[in-house]
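Asks: Show me the folded form of this:
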Amino acid sequence: MTKKLELYKCKHCGMIIQVMHAGAGTLVCCGEPMEKLEYNVEETNLYEKHIPVFEQDENCTIVKVGSIPHPMIQEHYIQFIQVISEDENCIQTKFLHPNEEPQMKINNKFNPKCAIEYCNLHGLFKNEDDS
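Replies: Numbers count the residues shown, from 1 in each chain. As a prediction, the model looks like this:
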């Protein structure tokens, strides 16, 4: 059974999908069931930080990846950042590329519940907004 907003990845082609509506079926890609991505909520490395960090300014909320900037090179980068609203009815996603700054800005009226990010080497990380 899939749940709303879960992420799944194909271990063969690398496709990542997000569930928009829960269902009882099995997600299949390249002839095999897709792997559900689990959120990491603690840092796993001393040198690279992955947990999304919320920063406020007067005009917007800035979601940065890591307490120190994450590498953004072709071999190792953040592929996307996503912010989910408190009621889980709105999501904002920013897709990133190597050499971009790993952050996104959201309107202060958005009322985020959490932010997630996906690192091409280390997987999915999540942080709840405690502001």
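Asks: Just list the residues touching residue 40, thanks.
Replies: 50, 122-126 (Cβ atoms under 8 Å, 6 or more residues apart in numbering). Every residue, glycine included, has its C-beta placed from N, CA and C.
Asks: could you redo the last one with a cut-off of 10 Å?
Replies: Residues counted as contacts of residue 40 (Cβ atoms under 10 Å, 6 or more residues apart in numbering) are 50-51, 116-117, 119, 122-126.
Asks: Quick check: of these, which lies closest to residue 32?
Replies: Taking Cβ to Cβ as the measure, residue 32 lies nearest residue 123 of the contacts of residue 40, at 18.9 Å.
Asks: doesn't residue 41 make contact with that closest one?
Replies: No - taking contacts as Cβ atoms under 10 Å, residue 123 lies outside contact range of residue 41: 11.7 Å.
Asks: Who does the residue nearest the centre of the chain form a beta bridge with?
Replies: Closest to where the C-alpha atoms of the chain average out (Cα atoms, centre = their mean) is residue 117, at 2.5 Å. Counting by DSSP bridges, residue 117 is bridged to residue 81, residue 125.
Asks: okay, it: pLDDT?
Replies: We note a pLDDT of 96 for residue 117 in this prediction.
Asks: Confirm for me that it is in contact with residue 96.
Replies: Yes - shown here, residue 117 and residue 96 form a contact pair, counting by Cβ under 10 Å, at 8.8 Å.
Asks: Could you count how many residues lie near the nearest residue to residue 33 once chain neighbours are set aside?
Replies: Closest residue in space to residue 33, ignoring its immediate chain neighbours: residue 26 at 5.2 Å, by Cβ to Cβ, 6 or more residues apart in numbering. Counted by other Cβ atoms under 10 Å, the residues lying close to residue 26 total 11.
Asks: What of residue 51?
Replies: 18.
Asks: My read is that it contacts residue 127, right?
Replies: Yes - Residue 51 is within contact range of residue 127, at 5.0 Å (criterion: Cβ under 10 Å).
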